[in-house]
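Trainee: with the input below, show me the fold.
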Amino acid sequence: MNRIAFTSAFLVLAAPISSATAPVISAAALSFPRQDPGTAKPTKEDFEKQFAAIKKEDSKAFLALAQWAEKGGLSAEAKKAYRAVLDGDANNDLARSKLGYVKVGGEWVTKEKAAELEKAKGADPKKKGGKTGGPVVPTVGVEKDIANNAHADLEEGKRLAKLMGDTCMVVSSAHFSIKGAVSREQAKDGLAAAEQAYAELNVIFERGVDEQPLGMRKLTIYFAKDDAGCKELVPYIEDNHGKLDPYLRDDIMKKATGLAANGAHPVSLTQNTVDIRSYVLHQLGQVYVDCIGAAPDPWLEEGFAMYTAVRWAGKNTTYCYNPSSYAGNVGGSKKGEDTAYTLICKEIAQDKTDSPIEVLAKKKLNQLDDKDLAKSFSLVKMLIEKEPETGLAFLRLYSSQNVARVLKASYKLSPAEFDERWRQAQK
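Mentor: This is a model prediction of the structure:
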């Protein structure tokens, strides 16, 4: 499976929209009117209009919208706005607490992670003080996990070094393990980013400690320094994680291509020339959607992987396709693949004959081109950010053989109506 570097950034474009029933959000309007007795409560439509009118970086406006929605009884919408606050103000105390995080040693972690730390340290993490601010990544928990795994990781590192002829690093946290030709600093950075993304995905989809997708399994990612290193690692991976598909194994041994992780086989292999953090997050996205989805197609796997990498690393570095020159020809020194995503999706949205959801459902992995991946990214973004509860229902029910039925059951929309909702999101 060929992996080609590709970088993108998270970008949301929205034009201000006024509403007769709800206040317009702007940088200057940072609070919402209290719902007085006898005044109609805000509707979901009111909320969506205001949400679309806020610039992505305007955390104060999102915070005001979240409080306004919460007072009006729109709990799901309030959570959506609180999550948007974190995109621009990652350590906002109110938003973090409303989304179920607690502070441990001055850093935000999920309640589940706090409970783990409490059990390990024999103390109540909620009573621990600490200054505000600091890194978003829960390094306290990650560092302890790494320390707990240190002995076993050191021994495995020695075994890998004998195989690969180099000093090999093995570093593991609670849910992830990075092995091979990487530095300890790179490995720790990748683990911290992955644990943070995993924790936040669980909050978004409201998954408790007993139903977290990865469970007791670790997503393990191997890094080789060159083609020969990839081939050398194949037997080692099979000895430790089970036999690979014969066709895939033959492809790796002949072409030194990579190995992508999935829900059934959470193991990945690539060369260390990729961006480590972005690659780890991409693999997490693929495994996560495989674990929570009924039968995710390639477009869903790639779209979810791209979204995870872009949201928590700022860029996505791995696809399974040969890119066209579109992304490189958008012009301007500051325009890159993120702009190409936006332009592609705007172009597709103007074509009423195209049905993104049904067209993508029919495509295999190697049939996805740059436009398909742009659609995949934006559709997954809509599934996660617009209505995560409904998006989760869609993922759990999804079947490429019966897209219409799944949309009807989850969104109460036909494929044409769902596509129109997607087109509106591109404006």
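
Trainee: just the CA coordinates for the helix or strand encompassing residue 357, please, in CSV.
Mentor: Element membership for residue 357 (DSSP states H and E) is helix 356-361. What follows is helix 356-361, C-alpha atoms only, in CSV (Å, rounded to 0.1, in the frame of the first residue of the first chain):
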residue,chain,number,x,y,z
PRO,A,356,-21.2,12.4,-3.0
ILE,A,357,-22.5,9.9,-0.4
GLU,A,358,-23.7,7.3,-3.0
VAL,A,359,-20.8,7.8,-5.4
LEU,A,360,-18.2,7.4,-2.6
ALA,A,361,-20.0,4.3,-1.3
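
Trainee: and the next helix or strand past that helix?
Mentor: Helix 356-361 is succeeded, C-terminally, by helix 370-385 (DSSP H and E).

Trainee: name the helices or strands packed onto the helix holding residue 357?
Mentor: Counting contacts by 3 or more C-beta pairs under 8 Å, 6 or more residues apart in numbering; DSSP states H and E, helix 356-361 is packed against helix 370-385, helix 403-410, helix 415-425. Any C-beta I mention is one placed from the backbone N, CA and C, and that applies to glycine too.

Trainee: and the gap between the residue nearest the centre of the chain and residue 50?
Mentor: By C-alpha atoms, centre = their mean, the chain has its centre lying nearest to residue 308, at 2.2 Å. Here residue 308 is placed at a distance of 27 Å from residue 50 (C-beta to C-beta, to the nearest Å).

Trainee: where does the stretch 201-350 of the chain dip in pLDDT?
Mentor: 208-210, 216, 318-342 (pLDDT under 70).

Trainee: show me the helices in it, by range?
Mentor: Taking DSSP state H, counting those that start in this stretch, the helices of the stretch 201-350 of the chain run over residues 227-241, 246-255, 276-292, 298-313, 337-350.

Trainee: the fourth one packs against which elements?
Mentor: Applying 3+ C-beta pairs under 8 Å, 6+ apart, one finds that helix 298-313 makes contact with helix 184-204, helix 276-292, helix 370-385.

Trainee: mean neighbour count and distance to residue 55 added to these, as JSON lines?
Mentor: Below are those laid out as JSON lines (neighbours: other C-beta atoms under 10 Å; distance: least, C-beta to C-beta, whole Å):
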{"stretch": "helix 184-204", "mean neighbour count": "22", "distance to residue 55": "21"}
{"stretch": "helix 276-292", "mean neighbour count": "26", "distance to residue 55": "25"}
{"stretch": "helix 370-385", "mean neighbour count": "23", "distance to residue 55": "15"}
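
Trainee: let's have those in a markdown table, adding distance to residue 65.
Mentor: Converted to a markdown table, these look like this (distance: least, C-beta to C-beta, whole Å):
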| stretch | distance to residue 65 |
| --- | --- |
| helix 184-204 | 18 |
| helix 276-292 | 27 |
| helix 370-385 | 14 |
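
Trainee: quick one: closest of these to residue 317.
Mentor: Counting by C-beta to C-beta, residue 317 lies closest to helix 276-292 out of the helices and strands packed on helix 298-313; the figure is 4.3 Å.

Trainee: and residue 219, what are its bridge partners?
Mentor: Beta-bridge partners recorded for residue 219 (DSSP bridges): residue 176.

Trainee: nearest to residue 149 among the helices and strands packed on helix 298-313 would be which one?
Mentor: Closest among the helices and strands packed on helix 298-313, using C-beta to C-beta: helix 184-204, at 10.1 Å.

Trainee: export that closest one to CSV, keeping only CA atoms.
Mentor: Written as CSV, here are the backbone C-alpha positions of helix 184-204 (Å, rounded to 0.1, in the frame of the first residue of the first chain):
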residue,chain,number,x,y,z
ARG,A,184,12.4,8.7,22.1
GLU,A,185,11.3,12.3,21.7
GLN,A,186,9.5,11.6,18.5
ALA,A,187,7.8,8.5,20.0
LYS,A,188,6.7,10.4,23.1
ASP,A,189,5.3,13.3,21.0
GLY,A,190,3.4,10.8,18.9
LEU,A,191,2.0,9.0,21.9
ALA,A,192,0.9,12.2,23.7
ALA,A,193,-0.9,13.5,20.6
ALA,A,194,-2.6,10.1,20.0
GLU,A,195,-3.8,9.8,23.6
GLN,A,196,-5.2,13.3,23.5
ALA,A,197,-7.0,12.7,20.2
TYR,A,198,-8.3,9.4,21.5
ALA,A,199,-9.6,10.9,24.7
GLU,A,200,-11.3,13.8,22.8
LEU,A,201,-12.9,11.5,20.3
ASN,A,202,-14.4,9.5,23.2
VAL,A,203,-15.8,12.7,24.7
ILE,A,204,-17.2,13.8,21.3
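
Trainee: tell me the angle of it relative to helix 370-385?
Mentor: On the basis of axes from the mean of the first three to the mean of the last three C-alpha atoms, to 10 degrees, helix 184-204 is oriented at 60 degrees to helix 370-385.

Trainee: what angle do helix 184-204 and helix 276-292 make?
Mentor: Between helix 184-204 and helix 276-292, the angle comes out at 30 degrees (the same axes, to 10 degrees).

Trainee: and helix 184-204, what does it pack against?
Mentor: In terms of contacts (3+ C-beta pairs under 8 Å, 6+ apart), helix 184-204 is packed against strand 107-110, helix 111-121, helix 139-148, strand 169-172, strand 176-180, helix 276-292, helix 298-313.

Trainee: pLDDT averaged over the second one - what is it?
Mentor: Read it as helix 111-121. Mean pLDDT, helix 111-121: 62.

Trainee: related to what we said a few turns ago, next, format the helices and strands packed on helix 184-204 as a markdown table and append distance to residue 97.
Mentor: Shown next, in a markdown table, are the helices and strands packed on helix 184-204 (distance: least, C-beta to C-beta, whole Å):
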| stretch | distance to residue 97 |
| --- | --- |
| strand 107-110 | 9 |
| helix 111-121 | 11 |
| helix 139-148 | 18 |
| strand 169-172 | 30 |
| strand 176-180 | 26 |
| helix 276-292 | 24 |
| helix 298-313 | 21 |
